[in-house]
Every structure is written in structure tokens, then in C-alpha cells.
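>>> Here's a sequence, model it:
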Amino acid sequence: MDDDVTGGGEDGAVFERQGRDTRARDTRAWVLHPDIYKAGGSARTPALSLEEAVALGRALPGLQVQGGQVVRLPKVHPGKLFGKGKIAELKSQFEEAGIELVLIDGPVTPVQQRNLEKDWGVKILDRTGLILEIFSDRAATREGVLQVEMAALSYQRTRLVRAWTHLERQRGGYGFVGGPGETQIEADRRAIDLQLVRLRRQLDKVAKTRTLHRAARAKVPFPIVALVGYTNAGKSTLFNHLTGAEVMAKDMLFATLDPTMRRIALPGGGPEIILSDTVGFISDLPTELVAAFRATLEEVLSADLIVHVRDIAHPETEAQKADVEEILTSLKVEQETPRIEVWNKIDLLDREEHDGLMIRAERTEDVVALSAVTGEGMQALIDRIGVMLTGDVRREEIALPYAEGRRRAWLHAHDLIEQEAQGDEGYTLTVRWTARQRAEFDAL
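Coordinates of the predicted model:
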């Protein structure tokens, strides 16, 4: 049975999970989203940001997220993030609920983390640490594991602060929450640096192998179509629908981590392509991961066509689009690379919104509205991909003398002939091709 979620509380939205069958080894966690007063307000709704942070926590196996809340702050306390009164109030709340781990949806300095852990008697994990935990759990390929480990070590190196002896070697349970005591700081920093050097060497070897694979694919004239988008936008569901594959597709943040590629022929006489499903993007993506996963996202950098999948039913779909565009820019993806914007999850809209979006999409170039679950609008996407890669397809009837056997063989080799008939002087052919293919044929 699904857990109930209820809202309330003067600090903002509070989510409560009830009726869950708790396993003994599960860690009871609580999510805090600091909402700092800013001139002009935040671009995102705090309650929705909290909802995303709670979903991040629930995406990590072994965590039982009891709930979460928005904590409004007039300013950031440099030593403890929150003020004394709020810290005392939250301490009582955590003790009553038996909370063992607090997830803070935002950056937390090492000093703030140390002080809060001491005051509350719980483990603290900030947004970067949580995303690293999820990536560590999901990485499946050798390259993915190496990249996560490098990102985690870079993050952990900043966590080597003094006065952690009160929790030394007691912060276990997750890979990146562990920390050293004061006397071990320098030794651990050197050990991390040596480990980073070793991992970079291993990653270089893996990268060379990927380069060879890309070079081999480059010899095959199949364009690469890369699916990108905010996490949980439905990329993997769309990938599975197009390819018939069984990539993990769940209503869960970061359900896909390692890139998956399939060679497919688009239905209806479309071209053969290599379709790539990539890791989902997210707001405030840790800088360590942007750098570490650059190699994983190289398929996007070399793509012939980028398909940006959006959860059009999400209340902050425009903000999510901006986050994806920002990350693509940071990855130095060429602006000239052709793109299609897919408005996914139209099945979640009411009829009026659904019909309005379908009309808008039909009138907007390079936008397709669809549902990867129901299949509605899928043919429009397939047609659009074909047009973007090969141009408009048209049907023509041509005549070829029997002496033009080489040109007829070329048409057969490219699977362009729909019908063929023999006459007294040669062949009458019905072909379906693009302007580019017609030009190639005329040049023979």
C-alpha cells in the first residue's frame, strides 16, 4: 500500500509518511529545505523543491524518509546554517521521531555539518552528498563506477575538518558519510589524492576504449540521437517504447545512470539510427558530477540530433527546461546541433490542457507532444526525427533502362524501392526518398 503524504506546518510544506513496514536496518531520515529570503524571491516554489528533495531521499535504498519541511531563513548562520531557536525546535522534533539522518536540500559547509551533527546527534547529508549516494548505488558500468568514486572523493576531501572525533568511525551506513578524526586529516587527504591519481589513470584507459568504440561507430553511417532531459521526465520510458528494450524505467529520480545505446530502424521506412538514453539532469547538479560525467555524456556532445524530453505536466516544467539548457551549455554542446523538444506525459493533463498543448505543438516547429506510456503522439516524433535527419521524404515514379543496372542496385541497397515493374525498355520504379538521396542518385 502506498504511503500517505500530508501537508502542513508554518515552516512550509511538511510531508509525513505513514503505515510503512519498516525494516530494522533502514535509516530513519528527515528532509529540510532551507528557504532563504531573497530580494525578488526564488525562481522555484519552495514546496516543490522540497518535494523533489524528498523524492531524492526516497530514491536511495535503505532510507526510510519520515517526512520533510521547508525552513524559512532570513539569513544563513555561518556556523550552524540555522538559528539557535530553530536548531532547538528541530532537535526536539528529530528526537521524538527517532531520526538518524537529516538530508539538507542545499549546500552545507564542513563546519556547519560538524556543528549540526554535534547539536542534533544525527548524521547530516547535504544535497551534493545525497546525489553522490544515489549515483554510487546506481552506477553499473566500469566507467560509471570510476566516475562516481572520483566525484565522491573530491567531495569527501572538502569534508576533512577538525573536531569530528565525536562521530569518528560511527557515521557509517553509507559510503560517503564516513569521516576522520582530527589526527587523521592530513594522512587521509594524501590518501585521497593518491586514490584520485589512480582513478584518473583507470578512467583514461576506459575513455580510450570508448574513443575506439566511437571511432568504430563513426565508420557506420548511422546518426546518433541522444535523449536528454530533467530526471524523471520519462526518457527511459520513451527509449523503451522506441527500441523495445527493457531499460530501467520507474517513477524515480535517476532511475537511469549509465548511458544505454541501441541501434534501431525507425518505423515507416525511416533511417537507421543509434538511440542513446542518458542520465537525467537536475537543478544544482554538483560541480564534481558535471566534471566527472562529462565523458558519460560524450554521446550528447557527438550527437547528430538531441531530443530534449520534458515532463510537461510538472508544475515547474519551464524551470526544469532552463536547468537542462544550462547544463548542456556547461557541457559545451554546440548550439547548432539540431534539437527536438518533446512534451511528454500529456496523459497526465486534463482534457482542456491536453488539447491546447497538442494544438500548440502542431503549430511549433521542432516540438512534439506525446505520452511515452500510452503511445499517443509517438508517430509524430518518429516522423519528426526522420525529417530532421534526412529531410522531407517524398514518393516518385522513375524509369530506368535495363542498362542502368548499377543505379537500380544502389536503390535496392538503400531500400528505397516500394514497387518495381518491368517493361519493354526497362524498369518502372516507385521510390520513396529524400532530396538528399535523390541528389546522390542523380550523381551516380
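
>>> from here on, contacts and neighbour counts on C-alpha atoms
Fine.

>>> Would you map the helices across the stretch 201-350 of the chain?
Assigned by DSSP state H, counting those that start in this stretch, the helices in the stretch 201-350 of the chain fall at 235-243, 287-292, 298-301, 317-330.

>>> pLDDT of the longest one, averaged?
Across helix 317-330, pLDDT averages out at 88.

>>> Report the buried residues of that helix.
317, 320, 321, 323, 324, 325, 327, 328 (16 or more other CA atoms under 10 Å).

>>> where does the stretch 1-150 of the chain have low pLDDT?
Counting by pLDDT under 70, the stretch 1-150 of the chain has low-confidence residues at 1-25, 38-43, 140.

>>> Run through the strands of it in chain order.
Remark: strands assigned in the stretch 1-150 of the chain by DSSP state E, counting those that start in this stretch are 14-16, 27-36, 63-73, 101-104, 123-126.

>>> Take those strands and lay them out in JSON lines including distance to residue 360.
What follows is the strands of the stretch 1-150 of the chain, written out as JSON lines (distance: least, CA to CA, whole Å):
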{"stretch": "strand 14-16", "distance to residue 360": "35"}
{"stretch": "strand 27-36", "distance to residue 360": "35"}
{"stretch": "strand 63-73", "distance to residue 360": "36"}
{"stretch": "strand 101-104", "distance to residue 360": "39"}
{"stretch": "strand 123-126", "distance to residue 360": "40"}
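
>>> how about low-confidence regions in the stretch 251-400 of the chain?
Low-confidence segments of the stretch 251-400 of the chain, defined by pLDDT under 70, are located at 251-259, 267-270, 286-299, 391-393.

>>> what about the strands in it?
In the stretch 251-400 of the chain, strands defined by DSSP E, counting those that start in this stretch lie at 260-265, 272-277, 305-311, 339-344, 367-369, 393-401, listed in chain order.

>>> Mind putting these into TSV with mean neighbour count and distance to residue 50?
Putting those into TSV (neighbours: other CA atoms under 10 Å; distance: least, CA to CA, whole Å) gives the following:
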stretch	mean neighbour count	distance to residue 50
strand 260-265	16	30
strand 272-277	22	27
strand 305-311	24	18
strand 339-344	22	23
strand 367-369	24	28
strand 393-401	14	47
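
>>> Pull out the buried residues from stretch 86-102.
87, 91, 94, 99, 100, 101, 102.

>>> want to throw the helices of the stretch 201-350 of the chain into TSV with distance to residue 271?
Output for the helices of the stretch 201-350 of the chain, formatted as TSV (distance: least, CA to CA, whole Å):
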stretch	distance to residue 271
helix 235-243	13
helix 287-292	32
helix 298-301	19
helix 317-330	26
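
>>> Out of those, which is closest to residue 202?
helix 287-292 (13.2 Å; CA to CA).

>>> do you know how far residue 342 is from residue 101?
Taking CA to CA, to the nearest Å as the measure, residue 342 falls 38 Å from residue 101.

>>> just residue 117 next, same as before
Plainly put, residue 117 is 9 Å away from residue 101 if you go by CA to CA.

>>> and for these two, which residues touch both?
Between them, residue 117 and residue 101 share these contacting residues under CA atoms under 8 Å, 6 or more residues apart in numbering: 123, 124.

>>> tell me the centre residue of the protein?
Ranked by distance to the mean C-alpha position of the chain (CA atoms, centre = their mean), the top residue is residue 280 at 0.3 Å.

>>> picking up where we left off before, export the strands of the stretch 251-400 of the chain as CSV, with columns for distance to residue 75.
Formatted as CSV, the strands of the stretch 251-400 of the chain follow (distance: least, CA to CA, whole Å):
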stretch, distance to residue 75
strand 260-265, 43
strand 272-277, 41
strand 305-311, 33
strand 339-344, 38
strand 367-369, 42
strand 393-401, 59
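
>>> Tell me which of these lies nearest to residue 431.
Closest approach to residue 431 among the strands of the stretch 251-400 of the chain is made by strand 393-401 (5.4 Å; CA to CA).

>>> about what we covered before: nearest to residue 427, of the helices of the stretch 201-350 of the chain?
Taking CA to CA as the criterion, residue 427 comes closest to helix 235-243 out of these, the separation being 36.0 Å.

>>> before we move on, the earlier item: out of the helices of the stretch 201-350 of the chain, the one nearest residue 46 is which?
Ranking the helices of the stretch 201-350 of the chain by distance to residue 46, with CA to CA as the measure, places helix 317-330 first at 12.9 Å.

>>> got the angle for that closest one vs strand 339-344?
Between helix 317-330 and strand 339-344, the angle formed by their directions is 150 degrees, by axes from the mean of the first three to the mean of the last three CA atoms, to 10 degrees.

>>> and residue 314, how many neighbours does it have?
Each residue near residue 314 was counted by other CA atoms under 10 Å, and the total is 16.

>>> Could you shift the numbering so residue one becomes 639, and keep it that way?
Sure, I'll start numbering at 639, so the last one becomes residue 952.

>>> residue contacts, it?
Contact partners of residue 952, counting by CA under 8 Å, 6+ apart, are absent.

>>> any idea how far it is from residue 1016?
With CA to CA as the criterion, residue 952 and residue 1016 are 20 Å apart.

>>> what do you get for residue 825?
56 Å.

>>> do residue 873 as well
Remark: distance between residue 873 and residue 1016 (CA to CA) = 13 Å.

>>> quick one, which of these two is more surrounded?
Here residue 873 and residue 1016 are set side by side on neighbour count (other CA under 10 Å), and the busier one is residue 873, at 31 against 19.

>>> Surely the more buried one touches residue 913?
No - Residue 873 sits out of contact with residue 913 when judged by CA atoms under 8 Å, with a separation of 11.2 Å.

>>> what do these two both touch?
Residues touching both residue 873 and residue 913 (CA under 8 Å, 6+ apart) are residue 865.

>>> circling back to that earlier point, touching, the residue nearest to the centre of the chain and residue 867? I think so.
Yes - with the criterion set as CA under 8 Å, residue 918 and residue 867 qualify as a contacting pair; they are 5.7 Å apart.
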